[in-house]
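Asks: got a sequence here, can you model it:
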Amino acid sequence: MLRERFHFRETHAALLAVEEAHLAAAKAAILASRSEVERVAARDPFFLAALEPYDPGPAGPVVERMVRAADEAGVGPMAAVAGAIAAAGVEAMVEAGARFGVVENGGDIAFVADRPLRIGVHAGCSPYSDRYAFVLPPWEGVRGCCTSSATVGPSISFGVADAVTVFAGDPALADAWATRLCNDLRPGDRSAFARLDPARVAGVCAVVGDGVARWGTVPPVVRARVDPALITAAYSV
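Replies: Numbering: from 1, shown residues only. Model prediction:
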């Protein structure tokens with residue numbers, strides 16, 4: 001198994017692959033995706049600042065994916081940027097022949113896996129942090145496992161959750177919903193889950209202090225020793 005850290009400007013990614021060619025494909029796609037986002041931001045600075053759904057007009061596939069995901073979750077398009085870029089990286093791996101590949105982009109993960117994949121839980125000061133992992137089953141298509149936190153990391157959040165992890169077929173959508181749910185969820189209040197479409201989002205696991213809330217189908221959780229040094233951002237899972 002090959003593991004590589006990839007850092008370019010604000011992008012801090014961890015890549016897993018079986019072949020060097022798959023890593024190269026992912027890195028090229030990440031750079032191309034960033035360039036697309038930067039071009040749109042240069043002509044429309046509000047695109048970067050919007051906290052509600054916003055369409056900057058004609059753009060490439062990555063920005064269009066961000067806009068669709070953000071519109072569905074009711075957040076600004078940049079809430080889906082990490083998941084969209086991670087998805088582009090894994091899709092490029094698949095095009096290069098990969099059956100296994102992971103791009104973790106600051107806590108937002110896109111993957112394709114021909115074997116079980118463990119994703120460690122990091123949730124700030126919660127007692128569940130760094131002690132458990134999700135076990136994701138093998139999956140032929142690209143999937144998303146994205147996390148947002150209100151207590152750790154640099155992202156803007158209006159909530160209180162230590163970690164909200166969303167599982168969905170579209171990593172950009174998982175990213176956008178992780179942001180929205182992290183903004184809205186409160187201890188003992190599950191009303192935010194009512195907005196979710198089970199046809200679009202598979203499952204959610206939210207950690208708030210010593211409490212855990214689940215919705216939909218969440219992968220099995222096992223005890224694990226999570227090494228925070230492997231995480232590319234403080235709010236990763």
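Asks: buried sites along the lengthiest strand in the chain?
Replies: In the chain, with assignment by DSSP state E, the single longest strand is strand 139-148. For strand 139-148, the neighbour count (16 or more other C-beta atoms under 10 Å) marks Val142, Arg143, Gly144, Cys145, Cys146, Thr147, Ser148 as buried. For the C-beta atoms, the positions are set from N, CA and C on the backbone; glycine is no exception.
Asks: ok, Leu136 - contacts?
Replies: Applying C-beta atoms under 8 Å, 6 or more residues apart in numbering to Leu136 gives the contacts Phe111, Ala113, Pro116, Leu117, Arg118, Ile119, Arg143, Cys145, Pro219.
Asks: of all those, which two lie farthest apart?
Replies: The largest separation in the contacts of Leu136, counting by C-beta to C-beta, is between Arg118 and Arg143 at 14.3 Å.
Asks: how distant is the lowest-mean-pLDDT helix or strand in the chain from the center of its chain?
Replies: Of all the helices and strands that make up the chain, strand 221-223 has the lowest average by mean pLDDT, DSSP states H and E, namely a mean of 84. Computed by C-alpha atoms, centre = their mean, to the nearest Å, the chain-centroid distance of strand 221-223 equals 20 Å.
Asks: what does that strand rub up against?
Replies: With C-beta under 8 Å, 6+ apart as the criterion, strand 221-223 contacts Arg118, Val121, Arg131, Tyr132, Ala133, Phe134, Val135, Cys205.
Asks: list just the nearest of these to Ile85.
Replies: Of the contacts of strand 221-223, the one sitting nearest to Ile85 (C-beta to C-beta) turns out to be Phe134, at 21.5 Å.
Asks: pLDDT score assigned to the closest one?
Replies: You'll see Phe134 listed with a pLDDT of 93.
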